[in-house]
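Trainee: Fold the following and give me the result.
(chains A, B and C)
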Amino acid sequence: MTNMNRRQMLLTGAAMAVPLAAPTILRAADTDTIKLGILHSLSGTMAISETTLKDTMLMLIAEQNAKGGVLGKKIEPVVVDPASNWPLFAEKARELLTVDKVAAIFGCWTSVSRKSVLPVVEELNGLLYYPVQYEGQESSKNVFYTGAAPNQQAIPAVDYFLNELGVQKFALLGTDYVYPRTTNKILEAYLQQKGIKKEDIFINYTPFGQSDWSKIVADVKALTADGKQVGVISTINGDANIGFYKELAASGITADDIPVVAFSVGEEELSGLGKGDLQNLVGQLAAWNYFESVDTPENEAFIKAWHKFTGDPKRVTNDPMEAHYIGFNMWVQAAEQAKSVASDAIQEAMIGQKFPNLTGTTAEMLTNHHLTKPVLIGEIRADGQFDVVKKTAPVPGDAWSDYLPESKYLVSDWKGKHCGMFNTQTNTCVQIKSNY
Amino acid sequence: MTFVKKNPSVLWFLVILAVFTLAVTLMSPGTGTGVISTSFVKTLGKTLCLAMVALAMDLVWGYTGILSLGHMAFFAVGGYMIGMWLMYARTEEIVFAALAKSPIPPTPAELHDGIASQIFGVVGSSKMPAIWAFAGSLPAQLALVVLVPAALALAFGWLAFRSRVAGVYLSILTQAMTLALALWLFQNDSGLRGNNGLSGLQNIPGLNHVPQEWLSIWFFWASAAALALAYVLLAWVVSGKFGSVIRAIRDDEQRVRFLGYPVEGYKLFVFALTAVIAGIGGALYYPQAGIINPAELAPIASIYLAVWVAIGGRGRLYGAVMGAVFVSLLSSWFTGGRAPDVPLGFATIHWVDWWQVLLGLAFVLVTLFAPQGLGGLVDLITGRRAPPRHGAPLGPDTGSLQEREAEE
Amino acid sequence: MIRILLAAALALALAPGLARADSLGDILNANKALVEHASRLTIGPVIDKLAASGDPRTEALLKAWGDKKLGLRKSDGTFVLLTRKGGDYALTLPDGSGDGTAKRSDINILRPNAGVRRLIDGALVEFQLSSPDLKTRTEALSIIDRHPEAGQLKPLEASLKAETDPALRARKERLLRLLTIRFGESTPKRIAAIDSFGADTGLDLRGTLNPLLDSHRVITKAGERPQGNVERQLIPGKTITPEAAYDLLVARGDAPARLTPLARRQALEAHIEGGKVGGVPVAQMSDPEARDRAYAALEKAGKVPGAATRHEVAAAVAGHAYWRVYQEADPAMTTAAKAALAKIAVKVDAMQGLDLLIEALSLASIYFLAAIGLALTFGVMGVINMAHGEFIMMGAYTGYVVQQIVPDYTLSLLIALPLAFAVTFAAGVAMERLVVRHLYKRPLETLLATFGVSIALQQIAKNIFGTQARPLTSPGWLDGAWVLNDVVSISYIRIAIFVLGVVFLGLFLWVMKRTRLGLELRAVTQNPAMAASMGINPDRINMLAFGLGSGIAGIAGVALGLYAKVTSELGQDYIVQSFMTVVVGGVGNIWGTLAGAALIGTLQKGIEWLNPSNTLAAQTYMILFIILFIQVRPRGIIALKGRAAGD
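Mentor: Okay, here's the model as predicted:
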């Protein structure tokens, strides 16, 4: 403490010696590169998911630099580690925007981390590209949502259940946090609208990392007693899925008896299950906007580049990676079009940007800062990959769910109305800044 | 003046804190040259709040001998209480502005519903839970910052101390308390937005025009003032007869009880007082952090608190402050990706990966070899030494003469 | 003859070009778009046509399609059946002729979704019921079981006589009775089928009976009775809320909707005239009563539609009667189904109670297994080992590593169990020697030092194995579950954990009561100085006991990893619960730990049963209960008395 104070005092003296000139001295003026912030946890519980995205960004930036960068300048990635600590996300975002002066931030995974960063990017008028499927009910001027909104993942999956599998009774199982809560609430309203009775919707929330699934699986099994086709919609997160699927397999439930569609289980999560367990899961479903097994030339090239970049030919690709791929390329296009990387210019140029996605269609950035995305339903294969059994045309993302009474009349339009939360019934802008 | 004379460390502490505050003020972007960034000012302000809760921990553990593994719960509860007002008042401004645009003025019910759906729309609900009844009033929530941790500590302490739960059992019980509270907060139905917690707390209602550069330094000053007050208060508490009694409770609870002191009452007072200090610390911390969620009161946070105090040195107030400041700043430096990697030839040590291992081992070593912690350094400087007591104890109890002592 | 001709003519008229007895290939080609992007909603007729084609290769074709072995050749768009041949595919045309081979990239494999596959399977049932292959017949029965249809009744009955396998025959008979309940031709036959089951708890039976009792709501004028098989009348204020009843009327269009606050607000806004609405100044509109007055004035002036008043609502509700009417028209059927279900319900309730008990027992055994090592180190020796959870984790990772080297699951398990014990025993001994030994006099500091070890071990595991969960697969003979009936079942892996818990209980008791180590250990913990005087080396005993406790944790880790997941945070999930198990049960007594685990397990399952939609609440309330319980019995359920209690 004393030691530190002495140093602080020295620093203070130095600072007083050069009054007001200090800021420019301390930060060497970097005008020859454009900086991009990468705000993904590299340690803590979210590291496994987010480290992949950091690598994806580094790969995309390296590729772009090889092509000559942006506006004739090289892109310089600034990687920071918010360590899965939500307050730290806000702190690091502020650092990136004020100290490193990055042109845009690519980052966040969980909803909480995004909500933590939101006030900072809005205050400092920064840019955030958020690549993960989320619960919607939000639209910020400073955020581009390149992951799926509920209507681009959950609703089509439920439609698949209703139409293709003839499911009449639903079990909504989720981990107890915001994404499942909100998604399930939307789905509950949607299902009731589709004529499913309230008593035919069973909802259960479990804590993160839940491992004791026998009671819940037994409850789901007991739902079949009234002769209706039961289906499970799982928003169970991360590790907890492993115990759930193991218990499901042990109780002899197959995809033909009770289909399960998951919104948070991708190629990476399945790698936590052994061959024997995967065998029992064949035919269970997941809904995403991208699967590694999709057969297009763009995807093949992307996977090849990924394997080359990581030096690991077995590393899987997943949906949020595609979101960053689209988001980054759109940012490059917007910068070239606006001839500037200033936040306001990019915000204007981003809307309407088009870029081919990896599954054979084109993504477009809408006025509500969401993308158009095709919805893919995949069946789990014994090798841990997915068979795509259904693919829709690109669906425009909807920031405010049409199925909830409180958001029914809300729209987001950053081009014409310049408002992220516009009430079409009272014709007023509820708020310019987003709710966090 | 006798108080200061008896406790020279208080004066030293206040002087150092004042110099530090002045230095930060002169270097901050809001009030000074801007040598350090706003986010670093916030980090320093938060560190002072952590030092404050470490002080509380030192009183309860270092002085009274109750190893509480639940004080971060009080810290977080304080944060939640102030967070409720911050969210409510900020949202009220927004909703009021939005409704003011419509042709007829809103009814109180409409305003209330609007706020509720703004705050809870994020977590798929639109009703204002009953526990938000006072959220609209700053004085009420400020009172709750003090009252809720105090009430919680009193209720828990009364139950635990009355049935003579002590030592390790009490530690596990306090840990269970934190865990129960965290699990309760994790539930959406509890009405505090579940896992999302309360966010956007750095935007102070009514101060929208004040930039964060200024707000950060204001909060830094407030944190420094609160730390100074807490330090003086606790130094005063431990220096008098009260201090002697609680130290006696730490060393031998039975004897103190036989001497006629109401041990439970003393413990309860200390437990509640420290809970209040922790709550105030939390109320200052979370507006600087910007977000609070139930992960903040996971049992591990309280264990880390014990770690800081142990590394700083128990039983001396400045030790707790040193531990908290040293470990938390070091921790943020190591995990911030700013620490240089150490190449070992066959492998490279990335501190992001190995910092936890280092911390864990450091902790074992400090416990084993330097029970005095960093505070022991001060003893070295001032030349104070523990009496040499060598050999095994002669009697069955701790504190009895030891073999070689007896020979002398 | 004429009839057949007519039918043919009709078919021709309805589906020109398809009505002739087409070859399989023709049918597929004619419906190429439907087949290529098959949907359950549209593919039915195509499958029916294929099934009705009479071609002997239909079965093979449908099977191939369902198994994702039907494809389209990219070059000419013809349908081909695929057989793997090295890296390529051997192609067969639908007419059975071979057509060379093709590369994977030249073929667009059809991947029908589960709904389509279900229809394909349904069409295959007829072929499969009398198949000579036992497995195929079993599969066909499963399909009927999942999706019974009227058309299956006859073929099933026909196949019954020739069935040779007794087990399958019994299953066929059961299915036949179930199908009779659904689709039987006469009521007496159907009722007889219902009665033949008695109080059977099978889900299939309940799944058959419950739909018979499906009912819908019918609204009539007051005093009238609806037609059909009436279940009961709904009485407003008793069996249906007046609000819900009124909403039903609104939905039917029999009554005007209530005025929502929003609609009223909009109506008021639309009628602002000179700063006033209905004579009330706009500025006063923040008062709800002022709005009432304004709206009433507007209503009087006829400017806004009248909203239903409370009286009107009450009158409308009273003017109608509300009923539930069975879908099933025959009262005899519904009575029989109701009676049967009532009988079943009693048995199901009892079985559910039993199942809850088994689940509680299973959870208790998991907690017990996780805590048993602690019962030794904490309970007997009094050392707080926060790294106990990390020893569990080390055991689980040992299991994972062994499985990477030894691919046979059974063998790897047999190696992993003793190896996990050895690894964690060594780790435990090392920790005791290096850390714990110096802190026997400072129990609170053991807590902190071992916590340091705990976070270091956790991070090291993360650095080595990554944060992603690692697979630890149980051997085949532990797959599946022991099934008593459709209500009571428990997975074998849980039974194995239970058995392991019992074995360890026995082992623990044997070591403590019957071996020299146990005797010496008890002596050392009660009075180390005295024990040392009797020639016992306390250092050695402490070391061994600590190693033993850690070793047991390692074995528990393998078991817990098999049942859930292997991550670096595995230990964290159990550590707090384990300590609470020991504390609640009472320190220093293995029976106490057992009682603690039983109490916590039962309690948690009990709360979960009360509130099935929120597992988190169960955990919260369980911990609260434990906190309160400790107040009442600070020494736990089974408290040591006398000198053994020490202090």
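Trainee: Assign a three-state SS to the closest residue to chain B within the stretch 1-150 of chain A, would you?
Mentor: Going by CB to the nearest CB, chain B is nearest to A:P87 of the stretch 1-150 of chain A, at 3.8 Å. For glycine as for every other residue, the C-beta is placed from the backbone atoms N, C-alpha and C. Following DSSP: H, G, I helix; E, B strand; the rest coil, we place A:P87 in the helix state.
Trainee: Tell me how far the spatially closest residue to it that is not a sequence neighbour lies from chain C.
Mentor: In this structure, A:P87 finds its nearest non-sequential neighbour in B:A289, 3.8 Å apart by CB to CB, 6 or more residues apart in numbering or on different chains. Distance of B:A289 to chain C, given as CB to the nearest CB, to the nearest Å: 22 Å.
Trainee: My understanding was that B:A289 contacts B:L201; is that so?
Mentor: Yes - assessed by CB atoms under 8 Å, B:A289 is found in contact with B:L201 at 7.2 Å.
Trainee: Please save the CA atoms from stretch B:139-152 in CSV.
Mentor: Extracted in CSV, the C-alpha atoms of stretch B:139-152 (Å, rounded to 0.1, in the frame of the first residue of the first chain):
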residue,chain,number,x,y,z
PRO,B,139,-34.8,7.4,1.3
ALA,B,140,-36.8,4.1,1.8
GLN,B,141,-34.4,2.1,-0.3
LEU,B,142,-31.4,3.7,1.4
ALA,B,143,-32.9,2.7,4.7
LEU,B,144,-33.4,-0.8,3.4
VAL,B,145,-29.7,-0.9,2.4
VAL,B,146,-29.0,-0.8,6.1
LEU,B,147,-32.1,-2.5,7.5
VAL,B,148,-32.4,-5.6,5.3
PRO,B,149,-28.8,-6.8,5.9
ALA,B,150,-29.2,-6.0,9.6
ALA,B,151,-32.5,-7.8,9.8
LEU,B,152,-31.1,-10.8,7.9
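Trainee: Report the buried residues of it.
Mentor: Within stretch B:139-152, the residues that qualify as buried are B:140-141, B:144-146, B:148-150, B:152, counting by 16 or more other CB atoms under 10 Å in any protein chain shown.
Trainee: Are that stretch and chain C in contact anywhere?
Mentor: No - for stretch B:139-152, no contact with chain C is found by CB under 8 Å from any CB of the partner chain; the gap never falls below 11.9 Å.
Trainee: Run through who's touching that stretch.
Mentor: If you take CB atoms under 8 Å, 6 or more residues apart in numbering or on different chains as the criterion, stretch B:139-152 is touched by B:73-74, B:77-78, B:81-82, B:84-85, B:134-135, B:272, B:275-276, B:278-280, B:282-283.
Trainee: Filter the residues you listed down to just the buried residues.
Mentor: Buried members of those, counted by 16+ other CB under 10 Å: B:73-74, B:77-78, B:81-82, B:84-85, B:134-135, B:272, B:275-276, B:278-280, B:282-283.
Trainee: So B:T47 sits against B:G323, correct?
Mentor: No - in this structure B:T47 lies outside contact range of B:G323 using CB under 8 Å: 11.5 Å.
Trainee: of the two, who's got more company?
Mentor: Using other CB atoms under 10 Å in any protein chain shown as the criterion, B:T47 and B:G323 rank with B:G323 on top: 29 against 23.
Trainee: burial of the nearest residue to the more buried one once chain neighbours are set aside, as a residue count?
Mentor: Excluding its sequence neighbours, the residue lying closest to B:G323 (CB to CB, 6+ apart) is B:G312, at 2.2 Å. By other CB under 10 Å, 31 other residues sit near B:G312.
Trainee: cool, C:F368 as well?
Mentor: Neighbour number of C:F368 under other CB under 10 Å is 30.
Trainee: now B:F3
Mentor: 12.
Trainee: Same check on B:S117?
Mentor: Look at B:S117: counted by other CB under 10 Å, it has 22 neighbours.
Trainee: Just the buried positions in whichever strand or helix holds it, please.
Mentor: Using DSSP states H and E, B:S117 sits within helix B:108-120. Along helix B:108-120, these residues count as buried under the neighbour rule (16+ other CB under 10 Å): B:110-120.
Trainee: Intersect the residues you listed with the contacts of chain A.
Mentor: Okay, of the buried residues of helix B:108-120 touching chain A (CB under 8 Å from any CB), that's B:117-119.
Trainee: Fine by me, we can end here.
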